[in-house]
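> coordinates only, no sequence provided:
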């Protein structure tokens, strides 16, 4: 059932549009180099992703630099946890840890 996962990597941005049921669209994020990071005070900034430090979904994902929901990414503002689903929404949203 379904389609293969997007497996978003760190790199130059690349998106793929997928037609879904009802003629709607999903934006598969195949590669990303920036994330929208918010802090505890409600401020958000667009910052560069440096590295993927860990991923609770699969320990091999961190080594392969795959970003999924829950992954710990290293940014210029510090470590952040990915809260969105980049393979489904087309953006990387994260919260500072």
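Structure received. The shown structure was predicted, so the numbers you read here are calculated from the model rather than taken from an experiment.
> I figured residue 82 hits residue 89, correct?
No - in this structure residue 82 lies outside contact range of residue 89 using Cβ atoms under 8 Å: 11.0 Å. Placement of C-beta: from N, CA and C, glycine included.
> show me which of those two is the more surrounded one.
Taking other Cβ atoms under 10 Å, residue 82 and residue 89 do not tie; residue 82 has more neighbours (23 against 14).
> quick check: residue 88 is in a strand.
No - counting by DSSP: H, G, I helix; E, B strand; the rest coil, residue 88 is not part of a strand but helix.
> does it really touch residue 26, like I thought?
Yes - if you go by Cβ under 8 Å, residue 88 and residue 26 touch, sitting 6.0 Å apart.
> show me what counts as buried in the lowest-mean-pLDDT helix or strand in the chain.
Sorted by mean pLDDT, DSSP states H and E, the helices and strands of the chain end with helix 86-89, the least confident at a mean of 90. Within helix 86-89, the residues that qualify as buried are 86-87, counting by 16 or more other Cβ atoms under 10 Å.
> other residues contacting the helix or strand just after that helix?
Note on helix 86-89: by DSSP states H and E, the next helix or strand toward the C-terminus is strand 93-96. Residues outside strand 93-96 that contact it (Cβ atoms under 8 Å, 6 or more residues apart in numbering): 35-40, 73, 75, 77-84.
> any idea how far the least confident helix or strand of the chain is from the middle of the chain?
7 Å (Cα atoms, centre = their mean, to the nearest Å).
> by contact count, what packs against it?
strand 25-32 (3 or more Cβ pairs under 8 Å, 6 or more residues apart in numbering; DSSP states H and E).
> which positions within the strand it packs on qualify as buried?
Neighbour count says strand 25-32 has 26, 28-32 buried, by 16+ other Cβ under 10 Å.
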